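Trainee: okay, sequence plus prediction incoming.
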Amino acid sequence: MSDGMSQDQWEDVLKASTRLKSAGVELFGVALGDGIDLHELESYIGNSGRVYRDNNTDQFLEDVHILLPNSTSRCSNYSPSVSPPRSISIDFQVDSECITNLDMVVLFDASDDTPNLTNPRINLNRYLLLDVLGSLLSSINEEKLRVAVFSFFSTHKLELKLTEPQTRESIFEKVEAIQPQHGSYASYAKAVRKVSLICHWIYRM
């Protein structure tokens, strides 16, 4: 969740994006507000169809849900690396027995170039993330969803650990507590390298 503009050298972007994509996880990019540069974000995601702008955040929510199995007949064939055909109708009441667990790692751009830390993009990203989490938590039992949230700017900060006790209230509280940080550009590569380590660990489990 970013504006697509970092302070990283392009070779660092390529190294970090290669490592992230090799983790074998589903990747989504969201860019809200003005002054967006999608080139770097698309490099990290690896699929321009998975990068979403202001006018298609509803599609983002839909695409996240379509990856979740919506009937027990699909459980045995479900693979998180293959998206179901877009023609499949979406049942937002996912059969929780289909899902043993879902680990979600979020990178949240908290860099703010305004003097008083009032860039509206921060709250736009926050509200969208809360929508995504609220929608998932209404479809999946709380104990089956684990969320980690990294905010990033010139460095990164782990706001919510996968290993923390998590309820809907505690997850929302952590997201709502994310504070903007001074800076016009954020280092995506540093944050992505850290997150890719977690993703590799999750995938091996």
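Mentor: Alright, I've got the coordinates.
Trainee: residue ranges with poor pLDDT in the chain?
Mentor: Scanning the chain for pLDDT under 70 picks out the ranges 69-100, 202-205.
Trainee: how about the helices of it, start to end?
Mentor: Taking DSSP state H as the test, the helices found in the chain are 10-21, 38-45, 57-66, 120-139, 168-176, 188-204.
Trainee: indicate which one of these is closest to Ser151.
Mentor: Among the helices of the chain, helix 188-204 comes nearest to Ser151, with 8.6 Å by CB to CB. C-betas here are computed from N, CA, C, even on glycine.
Trainee: same for the closest one, what does it pack against?
Mentor: Helices and strands touching helix 188-204, by 3 or more CB pairs under 8 Å, 6 or more residues apart in numbering; DSSP states H and E, are helix 10-21, helix 38-45, strand 102-109, strand 145-152, strand 156-160.
Trainee: same list (those) but as CSV, adding mean neighbour count.
Mentor: Output for these, formatted as CSV (neighbours: other CB atoms under 10 Å):
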stretch, mean neighbour count
helix 10-21, 17
helix 38-45, 19
strand 102-109, 20
strand 145-152, 22
strand 156-160, 18
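Trainee: closest to Val64 out of these?
Mentor: Closest approach to Val64 among the helices and strands packed on helix 188-204 (CB to CB): strand 102-109, 9.2 Å.
Trainee: that closest one pairs with which strands?
Mentor: Applying DSSP bridges, strand 102-109 is found paired with strand 145-152 (parallel).
Trainee: contacts for the partner strand, please.
Mentor: Strand 145-152 has contacts (CB atoms under 8 Å, 6 or more residues apart in numbering) with 101-111, 129, 133, 136-137, 156-162, 166, 171, 174-175, 178-179, 181, 186-188, 190-191, 194-195, 198.
Trainee: now do 6 Å
Mentor: 102-108, 110, 156-160, 162, 171, 178, 186, 191 (CB atoms under 6 Å, 6 or more residues apart in numbering).
Trainee: contact partners for the residue nearest the centre of the chain?
Mentor: Centroid-nearest residue in the chain, with CA atoms, centre = their mean: Val106, separated by 3.8 Å. Applying CB under 6 Å, 6+ apart to Val106 gives the contacts Val149.
Trainee: equivalent analysis for the one 4 residues further on, please.
Mentor: With CB under 6 Å, 6+ apart as the criterion, the residues that contact Ala110 are 151, 153, 178, 180-181.
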